[in-house]
Each structure stands twice: as C-alpha cells, then as structure tokens.
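> curious how this folds, go ahead:
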Amino acid sequence: MEDSIPVPTKPALSNTTTGFVVLNPVAGKGQPERIKEILQSSLGKERYDLYETTGEESLPDVVQTAVKEHDYAWIAAIGGDGTVSQVVNGLVGSDIPLVILPGGTGNVLAQDLDIPQDIETACELLLHEGRVQHIDAIQINNNYFVHQIGIGLESMMLDNTSSEQKNRWGMAAYLWTAVKEAFGWQPHAFTFTIDGETHHLHASEVAIANAGKIGAFGLKWDDEIRPDDGRIDIVLLQARSLADYAQIIWALVTGKQRKSRRFKIFSAWKEIRVETKQPLPVHGDGEIFENILPFTAVVIPKALKVILP
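Residues are numbered from 1 along each chain as shown. Presented below is the predicted three-dimensional model:
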C-alpha cells in the first residue's frame, strides 16, 4: 500500500506501551475466554485494559471516553467488521492507532489489510512487528465507515442471516442466504451524483467501497480499490436472472469486472449523493441502517491510523 509511514527499525508499538482492548464476546464463534488467554500470553496483563461489549452501550462513546481519560498508545478492536467500525467511530480525529484483531465471521477489512485471520498470529505480528499506516474513511452524517456501504441484495443477506447460522456455517451461511434472496430481486432505479456529475442508473446491488475485498473466497469488487488511495469507489451490479448472476460471479473470479456488462464502476474523490424512488436495505460495515436513504457519502482521506503487519 502507498503512503505508509516508513517501517522503523523497531516495532511501531514498544513493549512498554499500554493499550485499550475492546472485545465483542459474541462475535464469530464466541470464544471470549480463549481470546483473553491469548491476549494475556501474547501481551501480558500489564499492557492493556480490557472492555467487553454488552450490545447495550454506545461503543464510540466508550472509546472516546477511554481516549480522553487515559494516555493509551493504541486501541484494539476484537470482533467482526461491525465492532471495528464502531471503534473507528470513537477514534476518528485522534492520533491513536487502531489494532484490528479478527474475531468475527467475515473480518473483511482485516483480510483487505493482510492481517492474519488467526488472532494469536495477529497479536504477535501487529503488536511486536507492526507498522503504522493511514487509511481513508467514508462519512455519512455523523457515522464513519472503513470498509463499505452496501445497498440492496447484500444488505438483505446480512439482515436475514442469523447469528446461529453464522456460528454454525461461517461464510457459507451468507452465501446460502444470498442465493435465496437473489431469486426475484430485480434492479432498482438510482440517481448518483458523483463529485458533481449526475448519473441515472439501474442496479440490483450497489457497493460504495473503501476496500476491495468482498469477504468470500478472496474475491474483490475490483483490484484497483484500496483503503489508502484517497477515494471511494462505487460498484454497480446489474442483474435480472440467475444467468446474469453467474456472469457476475465469473467476472469476479477472473478479475474481469471492468470488461463485464454486468458491472459499472465509478470513483469519487470528494463525495457521492445516492437517491432512490423507494426504500431499500442499506448496511455500513456489516451493520444494517434503517431509513438512511437518500444520503451523501463523503470521502475522508487519511482518517485513521492502523497498525499493519
């Protein structure tokens, strides 16, 4: 990735720094005790303060309070993309780097940043050999997102896949739900205003992406989408039949999205306005949002520091 701080001769975080760890105990397969053991053995109790989420709190407020009241050198998020996104919302604007320790089902942003999916390996690499990197963010109203905003079929897939299914089947649960939801789902009319230029288009799925990885089988929306390039990319899928979806999957597998008539890809360096004629499901970093359309997504370059391997 470009624009990273030069790799120092010593780790980005020294062995004497103290951090704040946010753990979502029900994310992924829900193994909080094992994760606590890994943290203690990898870091030592004296190197961090631990906060376990309850689902009832405002996690951005928790993070902001921790940053204001303590001199933490780093903040770690252990959970899925939703947990990471909420921690980010408490960190944007500060100079404290984020450590992402994968603990969810998809961990898509961690995949995109080449962070090991094994939490024990991630601890060792990030906290003992890590480097500091700036990444961009997407702002909608007062919310910040670091992976993507999805409108349409993907949001239905996320909303209709239960925690029990995710824990039992992992990513396969999402794929099965997507197959079921795809039948009968037709393109919808959108108006996009991208850096001042208006487009009237139909799409069955819209991804406003800060990172390229989709989260399944290593597939990407596009090879040119990166979380540190100072822009957000808009990917439109246009499908009406099972054959159309097969073409989409083939284009993703072969990396020929820009040559497929089922894809349209745009880039925004400042902002994108999204409008529709009817309500549609929307998610931001895996979390479902109600009644958010129409909205304006703003590019926030270098919004956050993260620790990468």
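> for the residue lying closest to V299 once chain neighbours are set aside, list each beta-bridge partner.
Distances taken as CB to CB, 6 or more residues apart in numbering place I232 nearest to V299, at 5.3 Å, with adjacent residues excluded. C-beta here means a position set from N, CA and C on the backbone, and glycine is covered the same way. As for beta bridges, I232 partners with A268 under DSSP bridges.
> I'd like the numbering to begin with 5 instead of 1 from here.
Yes, from this point I'll number from 5; that puts the last item at I236.
> quick check: I236 touching I304?
No: in this structure I236 lies outside contact range of I304 using CB atoms under 8 Å: 9.4 Å.
> anything in contact with each of the two?
Residues touching both I236 and I304 (CB atoms under 8 Å, 6 or more residues apart in numbering) are 140, 142.
> and the two? Which one has more around it.
Taking neighbours as other CB atoms under 10 Å, I236 and I304 compare with I236 leading, 31 against 20.
> how close does that one get to R277?
Using CB to CB, to the nearest Å, one obtains 13 Å as the distance from I236 to R277.
> then G259?
When distance is defined by CB to CB, G259 is 30 Å away from R277.
> comparing those two, which residue is more hemmed in?
Between G259 and R277, R277 has the larger neighbour count (other CB under 10 Å), namely 16 against 12.
> check which helix or strand the more buried one maps to.
Using DSSP states H and E, R277 sits within strand 275-280.
> can you check K40 too?
Assigned by DSSP H and E, K40 belongs to helix 36-47.
> what does V257 give?
Using DSSP H and E, V257 maps to helix 246-258.
> returning to that earlier point: can you work out which residues contact both of I236 and R277?
Residues touching both I236 and R277 by CB under 8 Å, 6+ apart: A301.
> low-confidence ranges, the stretch 205-313 of the chain, go.
In the predicted model of the stretch 205-313 of the chain, residues 219-221 satisfy pLDDT under 70.
> can you give me the strands in it?
With DSSP state E, counting those that start in this stretch as the criterion, the stretch 205-313 of the chain has strands at 209-213, 236-241, 267-272, 275-280, 286-288, 291-293, 299-312.
> out of those strands, the one nearest I144 is which?
Among the strands of the stretch 205-313 of the chain, the nearest to I144 by CB to CB is strand 299-312 (5.1 Å).
> in the closest one, which residues are buried?
299, 301-304, 307-312 (16 or more other CB atoms under 10 Å).
> quick revisit: give me the buried positions along the helix holding V257.
Using 16+ other CB under 10 Å as the test for burial, helix 246-258 gives 248-249, 251-252, 255-256.
> all strands for the stretch 5-154 of the chain, in order.
Ranges of strands within the stretch 5-154 of the chain are 23-27, 52-56, 78-83, 102-106, 135-144, 147-149, 152-156, based on DSSP E, counting those that start in this stretch.
> and the pLDDT for E56?
Note for E56: predicted pLDDT of 93.
> quickly list what it is bridged to.
Bridge pairing for E56 - DSSP bridges - gives L27.
> tell me, how many residues neighbour it?
13.
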